[in-house]
Structure formats: structure tokens, C-alpha cells
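S.K.: got a sequence here, can you model it:
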Amino acid sequence: MQNNAIAFVLLRLAIAASMLGHGLVRLSKLNGFSAWMAKNFEKSILPDLLVIPFSYVLPIAEFVIGLLLVLGLYTRIALIGGGIVMVLLIFGTAMIENWEALPSQLIHTAFFGILLAFIQYNSFAVDNMIIK
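M.R.: Just a heads-up that it's a prediction; the model follows:
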């Protein structure tokens, strides 16, 4: 395996572990997470009609994206989905002026973008077993 392929899989697994971990810990306490998120957004301009459904979908999306990236299954779709999730989180973070959270979210977004740009190095993945 060449260095680019090794670097790709290491970065893919790093962002996968973060997303999978975020999803797993939130899924186990979904109602509490949703209540926490709704409370954080109660003074924002975003209505509960958007915040509450998003608070239930987010952990599922994080878990699924993380799992797909661990496996290297539907990698391109998972990377695009992860990037979209991060853009939504960044927007929400700006709406509640939680500037401390932005660097982490921007770093995650950069991971998704860089991996997508270099997806040709996705050698160690279930995707490649399906294609062959």
C-alpha cells in the first residue's frame, strides 16, 4: 500500500471515530440530548420546529456516517453527508454564538473536504470489494 492510501485510511478512520463516537454517546441518551439542545437554542432565532427534529436526527446521522466511514462503504456519499452535517452544525453554532465550538467543527469540515478531494486514494475500503 502506498503512503497516500495509508494516509487516506488513517484520516478516514480518525473522522469516522469522531462521528461514530458522537453518535454512540448521544444515541444512548437521545431524549436528554434533545432536551439539552432545545434548551441551548431557546434564545436563538431558530424555532423548536427545526431544532427538536434536528436534535433527534443528528445522533443517527453521526452514527451512520461514522459507521460507513469505518467500513469504507459508500465513502463518497458518507463524506458529502458528513460535510453537510458539519455545515448545519456550524450554522446552528453561529445562531447561539458558541464561538468556542467553531474551531472543532471547522476542523471536522476540513477533514471531510480533504478526504473527498483525495478519494482516489481510498484503497482500503469495502467500496473496492463491491466494485470488483
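S.K.: tell me the spacing between the residue lying closest to residue 44 once chain neighbours are set aside and residue 50.
M.R.: Nearest-residue entry for residue 44: residue 95, 4.4 Å, with adjacent residues in sequence omitted and distances by CB to CB, 6 or more residues apart in numbering. C-beta coordinates here come from the backbone N, C-alpha and C atoms, glycine included. In this view, residue 95 and residue 50 are 10 Å apart by CB to CB, to the nearest Å.
S.K.: how many neighbouring residues does residue 127 have?
M.R.: Look at residue 127: counted by other CB atoms under 10 Å, it has 20 neighbours.
S.K.: so who does it touch?
M.R.: Applying CB atoms under 8 Å, 6 or more residues apart in numbering to residue 127 gives the contacts 72-75.
S.K.: farthest-separated two in those?
M.R.: 72 and 74 (8.8 Å; CB to CB).
S.K.: any idea how far residue 114 is from the nearest residue to residue 99 once chain neighbours are set aside?
M.R.: Computed as CB to CB, 6+ apart, the closest residue to residue 99 that is not its neighbour in sequence is residue 93, at 7.8 Å. Note on residue 93: its distance to residue 114, by CB to CB, is 21 Å.
S.K.: swap in residue 106?
M.R.: 12 Å.
S.K.: likewise residue 22?
M.R.: From residue 22 to residue 114 the distance is 19 Å (CB to CB).
S.K.: same check on residue 66?
M.R.: In terms of CB to CB, residue 66 sits 17 Å off from residue 114.
S.K.: just want to know which of the two has more residues nearby.
M.R.: residue 66 (23 against 14).
S.K.: about what we covered before: when residue 95 and residue 50 are compared, which one has more neighbours?
M.R.: Set residue 95 next to residue 50 and count neighbours by other CB under 10 Å: residue 95 wins out with 15 against 12.
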